[in-house]
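Asks: heads up, no residue letters with this:
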C-alpha cells in the first residue's frame, strides 16, 4: 500500500483516526519524537484529548561518517547499539563514549529548551503512544521504546504514518502495538511520502507543546 500525506498535520489527523480506542484514556500520554514527530503527535493528542510531551532521542553517528548510526540514546537513559557499525571503530572504543557524551549533553539541552520549567510527564504505570513522522531503519524509535520501558511505562504503542517493512518489523519486536498507515514496498526515505516535508524548527516544537499544555490545563 502506498499513500501520500499533504504534510505532518495531515499525517497526524490520519493517524488519530486509527487510534480512537485511546481517546480520553486517563492513563495514556502522547509523546512526539523531536523534531518532525511533534507536529504529528500534536494532532493526535488534540484529537484524542490526551496530554502531549516529547521524548528526545539522539543518533550516535560514526565520528567520520555521522549519518551512519552506531546506535541511539533517549530520555531516561536508554541506549541502543548497532554492533555491526560499532565494530568499525576497531580499538577506538573511547570514540563511542565521546560521541555518546556529546549527544547526551545535546539531549539534555533540548529537553530544557522544549519544556522550559515544566517537568517531564510521569510514565510509570501508564501507556505511552510514541509518534514520529516515519520510520526508515527504526533505530531511533527502538531507543525511544526502550526508554519508555526504563521509565516504567505499562504499555508502549508506536504510531507512525509510514515505515519501511524492515523498520516496522523491528519495532513490532519491542513495542506492544504498532499503528502504521503505510508500509510501501519501495521505500527510500520518509520524506518521499509527503508533499510538504519541510524541516520542523525548535520554535515550532516549543509552540506546540505550550499549546497542548494550555489546552490540558483548561
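Replies: Perfect, thanks for sending it. If you're wondering where the values come from, they're calculated on a predicted model, not measured in any experiment.
Asks: Quick check: the gap between residue 21 and residue 206.
Replies: Distance of residue 21 to residue 206, given as C-beta to C-beta, to the nearest Å: 30 Å. Bear in mind the C-beta positions are built from the backbone N, C-alpha and C, glycine included.
Asks: These two: which is more packed in?
Replies: residue 206 (17 against 11; other C-beta atoms under 10 Å).
Asks: Mind checking what secondary structure the nearest residue to the more buried one once chain neighbours are set aside has?
Replies: In space, and not counting its chain neighbours, residue 206 is closest to residue 114: 5.8 Å by C-beta to C-beta, 6 or more residues apart in numbering. What DSSP: H, G, I helix; E, B strand; the rest coil gives for residue 114 is helix.
Asks: what about residue 114, distance to residue 137?
Replies: Residue 114 is 24 Å from residue 137, by C-beta to C-beta.
Asks: what about the two, which has more around it?
Replies: residue 114 (21 against 16).
Asks: domain parsing for this protein?
Replies: 8-56+117-217, 59-113 (automatic domain parsing).
Asks: export those to CSV and tack on mean pLDDT?
Replies: CSV is the format used below for these (pLDDT from 0 to 100):
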stretch, mean pLDDT
domain 8-56+117-217, 94
domain 59-113, 88
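Asks: Buried residues, the lengthiest strand in the chain. List them.
Replies: For the chain, the longest strand by residue count, based on DSSP state E, is strand 65-74. Neighbour-count burial for strand 65-74 flags 69-74 (criterion: 16 or more other C-beta atoms under 10 Å).
Asks: partners of that strand, with directions?
Replies: Paired with strand 65-74 in the same sheet, following DSSP bridges, are strand 57-62 (antiparallel), strand 78-81 (antiparallel).
Asks: For the residue nearest the centre of the chain, grab phi and psi.
Replies: Nearest residue to the geometric centre of the chain (C-alpha atoms, centre = their mean): residue 33, 3.1 Å. The phi and psi values for residue 33, taken as degrees, to the nearest 10, are phi -90, psi 120.
Asks: This structure: helices as residue ranges?
Replies: In the chain, the helices defined using DSSP state H lie at 8-17, 37-48, 83-86, 93-115, 139-150, 165-172, 202-217.
Asks: between the ones you listed, which one is nearest to residue 129?
Replies: helix 37-48 (6.9 Å; C-beta to C-beta).
Asks: returning to that earlier point: comparing the domains of the chain, which comes out most buried?
Replies: Of all the domains of the chain, domain 8-56+117-217 carries the top mean neighbour count, a mean of 19, counting by mean count of other C-beta atoms under 10 Å.
Asks: Thanks a lot, catch you later.
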